[in-house]
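>>> pasting the sequence and the predicted coordinates here, then a few questions.
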Amino acid sequence: MADRHYENFPVASLLLPRGLRKHVAALYAFARIADDFSDEPEYEGVRRERILDWRRQLAAVGEKTPEHPVFLALGATLKELDLPKQPFDDLLSAFLQDTEKSRYATFAEVLDYCRRSANPIGRVVLMIHGYREEELFRYSDAICTALQLANFWQDLSVDLKKDRIYVPEEDFKAHGYSEADLRMGVYNERFKTLMKFELARTRALFNQGKPLSARLRWPLSLEIRLTWLGGMQVLKLVHKLDFDTIRTRPALTRRDWIPLAARALLGA
């Protein structure tokens, strides 16, 4: 179920053990539909209502008969694997935030959003595979946050059309650039310096999480390695564009994924 919403995080692949696929599918079905509520045009005007209803149905899992088939599958996964509801509720809180907040004053605010919008996915995937060590969660959080940030820089022009800006206001000020400049499509040295700064700390987060794959069993180790390589490749694509994500949206293609898959297999 890894579609365009999760293009840099290809966890739900055929490499997964057959017995775990239904659990990963339940996670992604839950997250994808909730993400659609916060993002897709068809839900304009009812976004908050739909997400709150999704949250209500999540809270009722295990207590009442599910109203939606997604929660039937999710309930079975939660029960069979003894998973907590909190990561799923965290995701919904982030999607709800997307309906209420479109600007971020500080990087700390952006990181808090990533903690709820991205990190729960990695943590649940680890738990589905039987991992619950806090150190592994920290590695996973670093990778997932980095993936979310990479997506922000990758989708700068796309998010702007939705009136969402994830570049912190403090970073605009520090680099002499502004939201007004961004809206006018000003591409100059100040913008490039700003993006270099954002990419550098995103890369640092990827590197913090790099040890994770070596701590996992195959095939999840390969999946996480490929995910890590994919995220780093996005940063390279932005760099190759001379950081101009105002006019161009870089995206990974099959031509990118084939050598990345080879590198992941070889552990390079």
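Cool, got the structure.

>>> drop to CA atoms for contacts and neighbour counts, all remaining ones
Will do.

>>> buried stuff in the lowest-mean-pLDDT helix or strand in the chain?
Of all helical and strand segments in the chain, the minimum by mean pLDDT, DSSP states H and E falls on helix 254-266, at a mean of 76. For helix 254-266, burial by neighbour count (16 or more other Cα atoms under 10 Å) applies to 260-261, 264.

>>> does anything pack onto it? Which helices or strands?
Packing contacts for helix 254-266, counted by 3 or more Cα pairs under 8 Å, 6 or more residues apart in numbering; DSSP states H and E, involve helix 220-240.

>>> give me the buried positions along the helix it packs on.
220-235, 237-239.

>>> ok, now stretch 33-52?
Result for stretch 33-52 [16+ other Cα under 10 Å]: buried residues 33-39, 47-48, 50-52.

>>> for residue 115, what are its contacts?
Contacts for residue 115 (Cα atoms under 8 Å, 6 or more residues apart in numbering) come out as 141, 145.

>>> checking it next. Helix, strand or coil?
Recorded secondary structure, residue 115: helix (DSSP: H, G, I helix; E, B strand; the rest coil).

>>> distance of residue 177 relative to residue 201?
To residue 201, residue 177 is 18 Å away according to Cα to Cα, to the nearest Å.

>>> who has more neighbours out of the two?
The neighbour count for residue 177 versus residue 201, taken as other Cα atoms under 10 Å, is higher for residue 177 (21 against 13).

>>> related to what we said a few turns ago, need the buried residues of stretch 33-52 in TSV (columns: secondary structure and pLDDT).
Output for the buried residues of stretch 33-52, formatted as TSV (DSSP: H, G, I helix; E, B strand; the rest coil; pLDDT from 0 to 100):
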residue	secondary structure	pLDDT
33	helix	96
34	helix	96
35	helix	94
36	helix	95
37	helix	96
38	helix	93
39	helix	90
47	helix	97
48	helix	97
50	helix	98
51	helix	98
52	helix	98
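
>>> measure how far the least confident helix or strand of the chain is from the centre of its chain, please.
21 Å (Cα atoms, centre = their mean, to the nearest Å).

>>> compute the inter-axis angle for that helix and helix 220-240.
140 degrees (axes from the mean of the first three to the mean of the last three Cα atoms, to 10 degrees).

>>> may I have the phi/psi pair for residue 61?
Main-chain dihedrals, residue 61, degrees, to the nearest 10: phi -60, psi 130.

>>> need the pLDDT of the nearest residue to it once chain neighbours are set aside.
Spatial nearest neighbour of residue 61, chain neighbours left out: residue 75 (5.7 Å); criterion: Cα to Cα, 6 or more residues apart in numbering. Residue 75 carries a pLDDT score of 98 in this model.
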